[in-house]
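**Student:** prediction below, plus the sequence it came from.
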Amino acid sequence: METKVLNAVVIRRATPADVVPLTSFIEPFVGDGKLLRRTFSELEGLLPNFFIAERDGEIVGCAALEVYSPKLAEVRSLAVSPKVQGMGIGRKLVDACVERARSESIFEVMAITSSDHFFLTCGFDYTLPGEKKALFIQTREQYEQVE
């Protein structure tokens, strides 16, 4: 007898078929100001390093690793559905991004976030060895949304 496992969360790589549902999934997070809007072309460009958390065929989380150089990548577009938060899905998505960076021999992975406590629990820190720190300056008043 075949048993179907319900409510199991699977972390997998995104595919081209995920672009439209992924756009719909992240839209509420964009509306809340938690994520920046991503165009279809941006999402398609991130697909090789985009991870989906899926439960019972439904997207319940996502995260992407944007690779800037062999030295640096960023965890981006991390979102987990409120109905499954607290189940470790965000951590699994971040771990998938970090493992992807390791497999590509990328030296450092950063996260720009308002949820610094979460990233600290994932092993991120404010400084790197040698007391290196990331500093930022905002050059625009507001992110210009590209449709």
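**Tutor:** Here it is on my side, so go on.
**Student:** low-confidence ranges, the chain, go.
**Tutor:** Counting by pLDDT under 70, the chain has low-confidence residues at 1-7, 141-147.
**Student:** work out which residue lies at the spatial centre of it.
**Tutor:** Geometric centre of the chain, nearest residue: Ala63, 2.0 Å, by C-alpha atoms, centre = their mean.
**Student:** name the nearest residue to Leu72, sequence neighbours excluded.
**Tutor:** Distance criterion C-beta to C-beta, 6 or more residues apart in numbering; nearest residue to Leu72, sequence neighbours excluded, is Glu108 at 5.3 Å. To be clear about C-beta, it is placed using only N, CA and C from the backbone, and glycine gets the same treatment.
**Student:** that neighbour contacts Glu74, doesn't it?
**Tutor:** No. Judged on C-beta atoms under 8 Å, Glu108 makes no contact with Glu74 at a distance of 9.5 Å.
**Student:** between the two, who's got more neighbours?
**Tutor:** Glu74 (17 against 14; other C-beta atoms under 10 Å).
**Student:** Val60 belongs to a helix?
**Tutor:** No. Read with DSSP: H, G, I helix; E, B strand; the rest coil, Val60 is strand and lies in no helix.
**Student:** what about it, how many residues nearby?
**Tutor:** Using other C-beta under 10 Å: Val60 sits among 21 other residues.
**Student:** isn't it right next to Ala79, touching?
**Tutor:** No. Counting by C-beta under 8 Å, Val60 sits too far from Ala79 to count as a contact (9.4 Å).
**Student:** quick one, helices of this protein?
**Tutor:** Here the chain has its helices, by DSSP state H, at 19-31, 40-46, 89-103, 116-121.
**Student:** contact partners for the residue nearest to the centre of the chain?
**Tutor:** Neighbour list for Ala63: 50-51, 75-79, 90, 93-94, 96-97 [criterion: C-beta atoms under 8 Å, 6 or more residues apart in numbering].
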